[in-house]
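Asks: Model the following, please.
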Amino acid sequence: MVAVIDSTKAGMDVSQALGASFGKGIPVLRDINEALRYRPDTLLTEKGFSPPQAAGL
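Replies: Numbers count the residues shown, from 1 in each chain. Prediction:
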């Protein structure tokens, strides 16, 4: 996992956003445009996985 998209928690890392001991250093980003800077190869949504071609990446 390179990043998480959640506009309500942007600027935190996953650990901070969830109040958990895991996810330190994984950024929470505002939108897909910010996430694309990390050059992801897969998009996982709450409904499942999508290959880059299907997601328009």
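Asks: Which residue comes closest to residue 23 once chain neighbours are left out?
Replies: Among residues not flanking residue 23 along the chain, residue 14 sits closest, at 2.7 Å (C-beta to C-beta, 6 or more residues apart in numbering). The C-beta positions use only the backbone N, C-alpha and C, and glycine is treated the same way.
Asks: do you know how far that neighbour is from residue 4?
Replies: Distance from residue 14 to residue 4, counting by C-beta to C-beta, to the nearest Å: 6 Å.
Asks: do residue 19 as well
Replies: From residue 19 to residue 4 the distance is 14 Å (C-beta to C-beta).
Asks: Who has more neighbours out of the two?
Replies: residue 4 (19 against 6; other C-beta atoms under 10 Å).
Asks: For that one, which non-adjacent residue is closest in space?
Replies: residue 28 (4.9 Å).
Asks: so what's residue 50 scoring on pLDDT?
Replies: We have a pLDDT of 56 for residue 50.
Asks: swap in residue 4?
Replies: The model's pLDDT for residue 4 equals 94.
Asks: Now do the same contact list for it.
Replies: 14, 17, 26-29 (C-beta atoms under 8 Å, 6 or more residues apart in numbering).
Asks: and if you look at residue 23?
Replies: Applying C-beta under 8 Å, 6+ apart to residue 23 gives the contacts 13-15, 17.
Asks: hey, where'd the strands end up in the protein?
Replies: 4-5, 28-29, 43-45, 48-50 (DSSP state E).
Asks: Give the partner strands of the third one in its sheet and their orientations.
Replies: To tie it back to what came earlier, the one meant is strand 43-45. Sheet partners assigned to strand 43-45 using DSSP bridges are listed as strand 48-50 (antiparallel).
Asks: same deal with the first one?
Replies: For strand 4-5, the paired strands and their directions (DSSP bridges) read strand 28-29 (parallel).
Asks: low pLDDT regions in the chain?
Replies: Counting by pLDDT under 70, the chain has low-confidence residues at 47-57.
Asks: so how far does stretch 3-11 reach from one end to the other?
Replies: Distance between the two ends of stretch 3-11: 11 Å, counting by C-alpha to C-alpha, to the nearest Å.
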